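Colleague: please work out how this folds:
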Amino acid sequence: MKKPRLMTPGPSPVPPEVLLELAQPVYHHRTAQFRATLARVQEKLSWLFGTSQPVLVLTCSGTGAMDAAVTNLVRPGDSVVVASAGRFGTRWRQIAERIGAEVTEIRVAPGESVEPDQLADTLRRVRDPLAVFATHCETSTGAAHHPAELCRVAHEHGALFVLDSISAAGGMELRVDAWELDIVVAGSQKALMLPPGLAFVVVREPAWQRIRSHPARPFYFDLCKLAEKAQQQDTPFTPAHTLIAALDRALERLRAEGLQNVWARHRRMAAACRAGVRALGLELFARRPAEVLTAVRAPAGVDLAALLGWLEQNYGIKFAGGQDELKGKLFRIAHMGYMDELDVVAAMAALEMALKQAGWSGVRAGAAVAAAQEAVLQMQ
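Modeller: Residues are numbered from 1 along each chain as shown. Have a look, this model is predicted:
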């Protein structure tokens, strides 16, 4: 028997008490029971995001929340800037272009991050930019941005700032109000330890002013309608209320750990993973890596697809390969949500054995494990 160890950047492992909540009998969603659950979830989400604003809960994937942010804020002909470090940054451009916006995309090389001075230089050349769209953690390359710095630059040039924190929220530092982020979106199946199906949107007042005056907001993703119902602890359309009940359990687990401790745990896991990877002579893909996953360049002379398949078949460990033009060039090890340092140590042990089986030169049994352990000890 192989114990499955899911170490992909979504979906991610789900804690037992959350799974048990999903096994409870289904109840009706237009009830006092659901309103009480949603009220608890809204309060905990505001705590998680670091905001006094209500966090809107949508029944969709994270991309649905991105779509909602763009279609409520942007109108045809508006000028927007996209800071893109990979596939999911470019998704902002694709959504904005679909509704007729004029998009200027800052596209950096894979593994790089958009720097504040690059954004400032672009904004100086763009006439009347409405908003800047960016990604907190670019899961296609493992690269991270610092939202506070990019947001400051956007505001200096009169633009709103919209952040995709789908894979970062609940694992990386996020302070919506303190950093004055105008809109933030997130998803359920990453560091928030749920199956896919829920997404979240936070909107601060500068963006609300623009959204309220939009003459053609979408029907299902109308954020004004969602906010109005949220004040009544309700939703305008049928919610995924069983997932919301499970989210209540997941958020309670995070709150019991403490937000600072959650962020610190993810930093320790990231340090352990990177130390182990380097001890094997492998190279990190991202110059400024995120804390919730590690992207690793494919080892030369090794069939990457076969390596990843061997890991899953023999050890039950599931890593993610590269996407689109990066397929075969990197693999990604997630350390987010319902994981701890020993999960990373186990992953390093399996990676050592898999590379040795694949004939990768210089693999010394225990090197990656020892390096990962030492990294954890140094941060405790």
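
Colleague: what's the domain layout of this structure?
Modeller: 16-256, 258-379 (automatic domain parsing).

Colleague: would you turn these into JSON lines with mean neighbour count, distance to Pro4 and mean pLDDT?
Modeller: Bear in mind the C-beta positions are built from the backbone N, C-alpha and C, glycine included. Listed next are the domains of the chain as JSON lines, based on neighbours: other CB atoms under 10 Å; distance: least, CB to CB, whole Å; pLDDT from 0 to 100:
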{"stretch": "domain 16-256", "mean neighbour count": "20", "distance to Pro4": "13", "mean pLDDT": "97"}
{"stretch": "domain 258-379", "mean neighbour count": "19", "distance to Pro4": "5", "mean pLDDT": "95"}
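
Colleague: what about the strands in the stretch 1-150 of the chain?
Modeller: Taking DSSP state E, counting those that start in this stretch as the criterion, the stretch 1-150 of the chain carries its strands at 5-6, 55-59, 79-84, 102-107, 129-135, 137-138, 143-144.

Colleague: all helices of the chain, in order?
Modeller: Applying DSSP state H to the chain gives helices spanning 16-22, 32-49, 62-73, 87-98, 116-125, 147-156, 205-212, 223-230, 241-257, 259-279, 304-315, 341-357, 367-379.

Colleague: okay if I get the ones you listed as a markdown table plus distance to Pro195?
Modeller: What follows is those, written out as a markdown table (distance: least, CB to CB, whole Å):
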| stretch | distance to Pro195 |
| --- | --- |
| helix 16-22 | 8 |
| helix 32-49 | 16 |
| helix 62-73 | 13 |
| helix 87-98 | 20 |
| helix 116-125 | 35 |
| helix 147-156 | 26 |
| helix 205-212 | 29 |
| helix 223-230 | 21 |
| helix 241-257 | 7 |
| helix 259-279 | 20 |
| helix 304-315 | 20 |
| helix 341-357 | 19 |
| helix 367-379 | 28 |
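
Colleague: returning to what we had before: so for Ala159, which of the strands of the stretch 1-150 of the chain sits nearest?
Modeller: For Ala159, the closest of the strands of the stretch 1-150 of the chain is strand 129-135, at 4.4 Å, according to CB to CB.

Colleague: on that earlier part again, how about the domains of the chain, which one is nearest Met1?
Modeller: Closest among those, using CB to CB: domain 258-379, at 8.8 Å.

Colleague: of the domains of the chain, which is nearest Thr8?
Modeller: Set against Thr8 and scored by CB to CB, the domains of the chain come closest in domain 258-379, at 4.4 Å.

Colleague: between the two ends of the closest one, how far is it?
Modeller: Terminal residues of domain 258-379 are spaced 17 Å apart (CA to CA, to the nearest Å).

Colleague: try stretch 136-148
Modeller: Using CA to CA, the end-to-end distance of stretch 136-148 comes to 10 Å.

Colleague: go ahead and flag the most central residue of the chain.
Modeller: Ser167 (0.9 Å; CA atoms, centre = their mean).

Colleague: any idea how far that one is from Gly258?
Modeller: Going from Ser167 to Gly258 by CB to CB, to the nearest Å gives 21 Å.

Colleague: do the same with Asp222
Modeller: From Asp222 over to Gly258 the distance is 36 Å, taken as CB to CB.

Colleague: could you dump stretch 69-82 to CSV, C-alpha only?
Modeller: Extracted in CSV, the C-alpha atoms of stretch 69-82 (Å, rounded to 0.1, in the frame of the first residue of the first chain):
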residue,chain,number,x,y,z
ALA,A,69,-12.8,41.5,-10.2
VAL,A,70,-12.1,42.5,-13.8
THR,A,71,-15.7,42.5,-15.1
ASN,A,72,-17.0,44.6,-12.1
LEU,A,73,-14.2,47.1,-12.3
VAL,A,74,-13.1,47.5,-15.9
ARG,A,75,-15.1,48.8,-18.9
PRO,A,76,-14.3,48.6,-22.6
GLY,A,77,-11.6,51.0,-23.5
ASP,A,78,-10.2,51.3,-20.0
SER,A,79,-6.4,51.3,-19.8
VAL,A,80,-5.0,48.7,-17.4
VAL,A,81,-1.5,47.3,-16.7
VAL,A,82,-0.7,43.7,-15.9
